[in-house]
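Undergrad: here is a sequence with its predicted model. Questions after.
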Amino acid sequence: MVKTYQVSGMTCMGCVSSVKEKLNSIEGVEKVQVDLEKAQAEINANRPLSLAELRGALPSKYTIEENQEPLQVSDAPVTKSKLQQLKPLFLIFAYLFGAAILLNYKEWSMQEAMLDFMGLFYIVFSFFKFLDLKGFPESFKMYDPLAKVLPAYGWIYPFLELGLGLLFLMRFQIQLALIVTIIILGITTIGVTKTLLDKKSIRCACLGTALNLPMTEATFIENAIMLLMAIAMLVL
């Protein structure tokens, strides 16, 4: 018998592998398929399985429930538009630009405003990555070239962002921070560009795994803005 369940708490492909492994270990389970995007697990078993048995097999960070039939049946699934999915990212950028302007409007300096923007950018984006520090490296290595070959880089990256943010806001070792920014965002942008050109549908880890953001042109633009700012301040 095949039955579908809703599984919450999964944030990356590592979670998918863990859930699949745990459910497969239950006696009588013959096959398990897990869908991260739909947050579902399809279990093929040769005997009835109780929810208590399924919950007991999974770590406490995951919850599993019987799949509920929707009240209204539609021929096509309701999906958010790309703009709706990226709304959190656009709001964050609006707040960052607004904060950088407000911090410098009395004695306007474009360079100071750019430094504040970059510092706040790193602080805010690292915060979202720290919300799920375990899940971030798995999502990040799906498109970042360095994280693919050096998994430890994915674990270090949120701390690196936090450190760069503090350097920019404290106006300390700015030239070093700009050079590191160009290197790490340059590497990531290469991976983002390749993913977009290959038309792969994956999650963007720019805001960690707390928000389910798709990899789109907005990710490329986000990195490009930071790169252009860093290059401009090094050259000028």
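TA: Everything's here; your move. The structure presented is a predicted model; accordingly, all values stated were derived computationally and were not measured.
Undergrad: so what touches the lowest-mean-pLDDT helix or strand in the chain?
TA: Confidence across the helices and strands of the chain bottoms out at helix 82-85, with a mean of 70, counting by mean pLDDT, DSSP states H and E. Helix 82-85 is contacted by residues 212-214, 216 when judged by CB atoms under 8 Å, 6 or more residues apart in numbering. Quick note: C-beta positions are derived from backbone N, CA and C, even for glycine.
Undergrad: neighbour-wise, give me the winner out of those residues.
TA: Most neighbours among the contacts of helix 82-85, by other CB atoms under 10 Å: residue 213, with 21 neighbours.
Undergrad: what's opposite it in the beta bridge?
TA: For residue 213, the beta-bridge partners are residue 204 (DSSP bridges).
Undergrad: isn't residue 10 right up against residue 20?
TA: No: between residue 10 and residue 20 there is no contact, the gap being 10.2 Å when judged by CB atoms under 8 Å.
Undergrad: mind checking the longest helix of this structure?
TA: Ranked by residue count under DSSP state H, the longest helix found in the chain is helix 174-197.
Undergrad: follow-up on the earlier one: of all the residues in the least confident helix or strand of the chain, which ones are buried?
TA: Going by neighbour count (16 or more other CB atoms under 10 Å), the buried part of helix 82-85 is residue 85.
Undergrad: the following helix or strand past it: how far from the chain's middle?
TA: Towards the C-terminus, the helix or strand next in line after helix 82-85, according to DSSP states H and E, is helix 87-104. Its chain's C-alpha centre and that of helix 87-104 lie 19 Å apart, by CA atoms, centre = their mean, to the nearest Å.
Undergrad: so how many other residues sit close to residue 86?
TA: 21.
Undergrad: give me phi/psi at it?
TA: When read as degrees, to the nearest 10, the backbone of residue 86 gives phi -90, psi 0.
Undergrad: touching, it and residue 215? I think so.
TA: No: Residue 86 lies out of contact with residue 215 (CB under 8 Å); the separation is 10.5 Å.
Undergrad: now do the shared contacts for residue 10 and residue 20.
TA: With the criterion set as CB under 8 Å, 6+ apart, the overlap between the contacts of residue 10 and residue 20 is residue 34.
Undergrad: comparing these two, which residue is more hemmed in?
TA: When neighbours are counted by other CB under 10 Å, residue 10 comes out ahead of the other of residue 10 and residue 20, with 22 against 15.
Undergrad: much appreciated, bye for now.
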